[in-house]
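**Q** Make a model of this:
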Amino acid sequence: MRIVIASCSVAYEGRLTASLAQATRLIMVKSDGSISIHSDDRAYKPLNWMTPPCTLAVEPDRWVVCNPKGETLTITLHEVFQDVEHAFGPEPGLTKDGVEAHLQELLAATPERIEPGLRLVRREYETGIGPVDLLCRDAEGNAVAVEIKRVAELNAVDQLTRYLERLSLDSRLGGLRGVLVANSIKPQVSVLARDRGIVCVEVDYQELRDGRTADLLLF
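**A** Residues are numbered from 1 along each chain as shown. Reported below is the predicted structural model:
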């Protein structure tokens, strides 16, 4: 990973035109090629970013980032305060808590509990920036990316949005949509998800667990 702290201005051209005036910011370049620009607030969320696959052209005082969709992110460096590179090594991955991991397992076994006609293609389907919990097909054969949380918060919508952006680059998937599933979904999460075309589904973990246990006892 490369971390740069610099006074910079940023211009984005693509689906719309946006810019950031000159200010001191943190620029992160990850080994997967992704680039994100952060201010000293807003927690984890970057001000602007470009997900892979993308190309980075580095000039003395300017970086130009392009992707296959024709989007361009131009970062003008006015003054660099720190520029550090460090290799992180293999990532062991996220270990989910017991409830969330078990919920994923139960829904993988019974995807029709999320939506009638839904069938599982693969668990932990890799997107290039992390695995989406379930990749499914609906009754019409369209691809459905399912992200599962114990409690869904706003960052879950952002996470699934990034996964959908990556999966949309794979023409083999055809029609694609996202579903956020959780034992509990906060109202503001549903609003943001709806704005992004993501469906929210609440499931009862206890009911799923009891039903799964009963099925196992039959065998």
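**Q** how does this protein divide into domains?
**A** Domains of the chain are assigned by automatic domain parsing as 2-85, 98-217.
**Q** Quick check: which of those is buried the most?
**A** Of the domains of the chain, the one with the most neighbours on average (mean count of other Cβ atoms under 10 Å) is domain 98-217, at a mean of 16. Quick note: C-beta positions are derived from backbone N, CA and C, even for glycine.
**Q** Using CSV, lay out the domains of the chain together with mean pLDDT.
**A** What follows is these, written out as CSV (pLDDT from 0 to 100):
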stretch, mean pLDDT
domain 2-85, 91
domain 98-217, 88
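**Q** show me the contacts for residue 123.
**A** 104, 108, 133-134 (Cβ atoms under 8 Å, 6 or more residues apart in numbering).
**Q** now with 6 Å?
**A** 108, 134 (Cβ atoms under 6 Å, 6 or more residues apart in numbering).
**Q** Quick check: it is in a strand.
**A** Yes. Under DSSP: H, G, I helix; E, B strand; the rest coil, residue 123 sits within a strand.
**Q** separation between it and residue 114?
**A** Separation of residue 123 from residue 114 (Cβ to Cβ, to the nearest Å): 13 Å.
**Q** cool, residue 188 as well?
**A** To residue 114, residue 188 is 22 Å away according to Cβ to Cβ.
**Q** For this structure, which segments count as strands?
**A** 2-13, 17-29, 35-38, 48-50, 55-59, 62-66, 72-85, 119-126, 131-137, 143-152, 176-185, 199-202 (DSSP state E).
**Q** Quick check: the gap between residue 31 and residue 162.
**A** 17 Å.
**Q** oh, I was asking about residue 37
**A** As defined by Cβ to Cβ, residue 37 lies at a distance of 15 Å from residue 162.
**Q** Please apply the same query to residue 103.
**A** Distance of residue 103 to residue 162, given as Cβ to Cβ: 21 Å.
**Q** repeat for residue 191
**A** In terms of Cβ to Cβ, residue 191 sits 19 Å off from residue 162.
**Q** Same check on residue 29?
**A** 17 Å.
**Q** same thing with residue 105?
**A** Per Cβ to Cβ, residue 105 is found 24 Å from residue 162.
**Q** Likewise for residue 19?
**A** 22 Å.
**Q** Leaving out sequence neighbours, find the closest residue to residue 111.
**A** residue 118 (4.2 Å; Cβ to Cβ, 6 or more residues apart in numbering).
**Q** which residues sit in contact with the one you found?
**A** 111-112, 136, 138.
**Q** go again using 8 Å as the cut-off
**A** Counting by Cβ under 8 Å, 6+ apart, residue 118 touches 111-112, 136-139, 144.
**Q** How about residue 165?
**A** With contact set as Cβ under 8 Å, 6+ apart, residue 165 has these partners: residue 51.
**Q** Please apply the same query to residue 22.
**A** Shown in contact with residue 22 (Cβ under 8 Å, 6+ apart): 7-9, 78.
**Q** I'd like the residues you listed as CSV, with distance to residue 49 appended.
**A** Converted to CSV, the contacts of residue 22 look like this (distance: Cβ to Cβ, whole Å):
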residue, distance to residue 49
7, 19
8, 14
9, 16
78, 20
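**Q** among the residues you listed, which two are most distant?
**A** 7 and 9 (8.4 Å; Cβ to Cβ).
**Q** Would you mind grabbing the residues shared as contacts by these two?
**A** By Cβ under 8 Å, 6+ apart, residue 7 and residue 9 have these common neighbours: 22-23, 78.
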